[in-house]
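*Asks:* structure, please.
(2 chains)
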Amino acid sequence: MANGSGRPKPAPAVWYRTEQNEDTFRLIVGGFWIISEARRLDFLVKAIQPKGFTRVEIDCAALERLDTVGAWLLLRTKRELQHHGFDVQLVNVREEYRALVHTIDHDCTAPPAGLPPPHTFADRLERIGRGLVHALYQVYGLIGFFGLVADETAAVILNPRRLRVAALFHQIEDGGLNALPIVGLLSFLIGVVVAYQGADQLRQFGIDVFTVNLVAVGILRELGGMMAAIVVAARSGSAFTAQIGTMKVNQELDALQISGISTTEVLVLPRLSGLIVTLPLLTFYSNMMGLFGGMVMCYFALSITIPAFLEQLRASVIDWTFWVGLIKAPVFAFIIGLVGCYQGLHVERSAASVGSHTTRAVVEAIFLVIAADAAFSVLFSVLGI
Amino acid sequence: MRAIACDSPAIRVRGLVSRIGGRVLHDRIDLDVFRGEIVGVVGGSGTGKSVLLRTIIGLQRPVAGNIEILGQNIADLDDEALVRLQIRWGVLFQDGALFSDQTVAQNVQLPLREHTDLPQQLIDEIASVKISMVGLPPDAAKDYPSELSGGMRKRAGLARALALDPELLFLDEPTAGLDPIAAAEFDELVRGLRHSLRLTVFMVTHDLDTLRATTDRIAVLVDRKLKIGTITGLVHDRHPWIHEYFTGVRGRAALAN
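*Replies:* Model prediction:
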């Protein structure tokens, strides 16, 4: 094939050359105008500038292969030249490519489908604003959901037959019984850690026997309940969101609703009440395992025998210490269950949404549990217990 | 070398045996799909139509048998060669299988960005061409899959399947869940694309109207075997299921016009 007019040199697989007669500028294209050559073609065809002519003919007779991308490049060239006032025509398109060229020429008038524009500083500011508003809506929504749940709970209490007993026991087994190993292990280790750190410090003052007090107060008032709540938020809270969210994606919630069954009653109340029953029990278990861990550590690190440990324990656990931890548990359970179910019900119909709401459920539940714990501390100190 | 590749069928299946959970779904089936042809696979629920499609595109391993696509035996290919072959075919899954965290434009651009070194601007343009080729409005490009209707999701899935100008297109129930008008439009679209892109199409479908409107040949999965023929040939088949399928109320209505 001859090359004309000093244009960029064509490669063997794909080429074009130009010819000029009178007022017509002829662009003769040939070879393989396909996606694998498109990078070069894209660059080449942009360089075409038929200055001083009025008519442009794009001659396609020598095309050996043409795919969508090649056809698009031809048509894009045609359109750009037309835009600059040239009279452009595609000529000698082989029969087999006519349909393709026609389809693209007819269908594709849209501007390029770009990616979302990159973020600017204003976008980031906007994001902060949106985040804040969203958080406030979240609080508003949770309060509304709290009201709804309270209302349904009252209805169930007035008519206890509406309580889903089987579902309730399933939740107790799933969220409570199955959590025993991990809660026990974690609390045991926390007991060990507190005793070890306490022993280290208190030994310097020669009052290492007070390690027992430290373990007892720390575990019973705060750590035992907190460990149980965090494990339950991570296990059950996330499960609530994922289960309810997936049901929503599958339109199961819609199916329940049109069957005249309240989603709150069937899905939320069993989970919530199951958690309120199990978390205090788990907290008690967690406390015991924590004390056990402390006792083991005291025995090995401080040589405090088990009877001595128990004796000191009895002295240190005065009136409310034991109950303070347990009183908080149902409140924590309520928060975790409420947030988990609320997030599940607000999943949108996509896989990514289930994931992001599950994350949010766990983070919010743990945040609210700790905030509630702080509030309890203030309350208890005001009450003097 | 190209001549050899062109003469071999687009898909050649020999002695394929598939088993799911101990149940034999396909018992030594043979199938040829020639270049430029549209072949539809039909069969009752649970006969393994989708399994056949998944096996051919390599998502599932056959128990026995040979599968050749575009002249290459899938089982012989290493990972790299398999990828080179995979970019020569496009698959439309049943509900589009669009990536839900990406816009339609991003979905269509993904294969282009992964498998070509084109400049971003050209990729944008190509994506827009594909999106309009499948009949989606231009502003659908920036929508997320959850914002689209079922029919639009299928079109977007088709645009992604066509992103790299494949030679071979696999469609899994392309018209299931579409209203009759949308389904007819989709048939028209597939026919048009076959004509303009010179595609070979392998589709699994239940839809008699689609079969009649688009396919050249039909493969019926009955008794773990494939019966292959044209619609006019299969209408007279004696097998009870095939007979019922084509001459039942729906079959007669679809074939009447």
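
*Asks:* give the next helix or strand downstream of whichever strand or helix holds A:Val339.
*Replies:* Assessed by DSSP states H and E, A:Val339 sits inside helix A:321-345. Following helix A:321-345 in sequence order, the next helix or strand is helix A:351-383 (DSSP H and E).

*Asks:* hey, which helix or strand in chain B has the poorest pLDDT?
*Replies:* helix B:2-7 (a mean of 46; mean pLDDT, DSSP states H and E).

*Asks:* before we move on, what about chain A?
*Replies:* Least confident helix or strand of chain A, by mean pLDDT, DSSP H and E, is helix A:95-107 with a mean of 80.

*Asks:* give me the contacts around it.
*Replies:* Helix A:95-107 has contacts (Cβ atoms under 8 Å, 6 or more residues apart in numbering or on different chains) with A:60, A:63, A:66-68, A:71-72, A:74-75, A:90, A:93, B:129, B:132-133, B:135, B:192-193, B:195-198. C-betas here are computed from N, CA, C, even on glycine.

*Asks:* which of the residues you listed count as buried?
*Replies:* Buried by 16 or more other Cβ atoms under 10 Å in any protein chain shown: A:60, A:63, A:66-68, A:71-72, A:74-75, A:90, A:93, B:129, B:132-133, B:135, B:192-193, B:195-197, out of the contacts of helix A:95-107.

*Asks:* what pLDDT is listed against A:Glu348?
*Replies:* Looking at A:Glu348, its pLDDT is 86.

*Asks:* ok, it - how many residues close by?
*Replies:* 15 (other Cβ atoms under 10 Å in any protein chain shown).

*Asks:* doesn't B:Pro145 make contact with it?
*Replies:* No: shown here, A:Glu348 and B:Pro145 do not form a contact pair, counting by Cβ atoms under 8 Å, at 11.3 Å.

*Asks:* if we can go back for a sec, relative to helix A:351-383, how tilted is the helix holding A:Val339?
*Replies:* 150 degrees (axes from the mean of the first three to the mean of the last three Cα atoms, to 10 degrees).

*Asks:* tell me which strands and helices helix A:321-345 is in contact with?
*Replies:* Counting by 3 or more Cβ pairs under 8 Å, 6 or more residues apart in numbering or on different chains; DSSP states H and E, the packing neighbours recorded for helix A:321-345 are helix A:121-158, helix A:224-232, helix A:238-249, helix A:269-297, helix A:351-383.

*Asks:* and of those helices, who's closest to chain B?
*Replies:* Closest to chain B of the helices and strands packed on helix A:321-345, according to Cβ to the nearest Cβ: helix A:351-383, at 4.5 Å.

*Asks:* okay, the angle between that closest one and helix A:238-249?
*Replies:* Interaxial angle, helix A:351-383 versus helix A:238-249 (the same axes, to 10 degrees): 140 degrees.

*Asks:* tell me the buried residues in helix A:351-383?
*Replies:* Residues of helix A:351-383 classed as buried by neighbour count (16+ other Cβ under 10 Å): A:352-354, A:356-358, A:360-362, A:364-366, A:368-369, A:372-373, A:376.

*Asks:* show me the contacts for the residue in the stretch 201-350 of chain A that chain B sits nearest to.
*Replies:* Residue of the stretch 201-350 of chain A nearest chain B, by Cβ to the nearest Cβ: A:Ser350 (4.1 Å). By Cβ under 8 Å, 6+ apart, A:Ser350 lies in contact with A:Val249, B:Ser100, B:Asp101, B:Tyr144, B:Pro145, B:Ser146.

*Asks:* what helix or strand is the closest residue to B:Leu199 other than its chain neighbours on?
*Replies:* Nearest residue to B:Leu199, sequence neighbours excluded (Cβ to Cβ, 6 or more residues apart in numbering or on different chains): B:Leu169, at 5.0 Å. Using DSSP H and E, B:Leu169 maps to strand B:168-172.

*Asks:* what average pLDDT does the top helix by length along chain B get?
*Replies:* Assignment by DSSP state H gives helix B:180-197 as the longest helix of chain B. For helix B:180-197, the mean per-residue pLDDT is 84.

*Asks:* check which element follows that helix along the chain.
*Replies:* Next helix or strand after helix B:180-197 toward the C-terminus (DSSP H and E): strand B:200-204.

*Asks:* neighbouring contacts of that following strand?
*Replies:* Contacts with strand B:200-204, where a contact means Cβ under 8 Å, 6+ apart, come from B:10-11, B:33-42, B:49-50, B:52-53, B:56, B:167-174, B:190, B:194, B:210, B:214-215.
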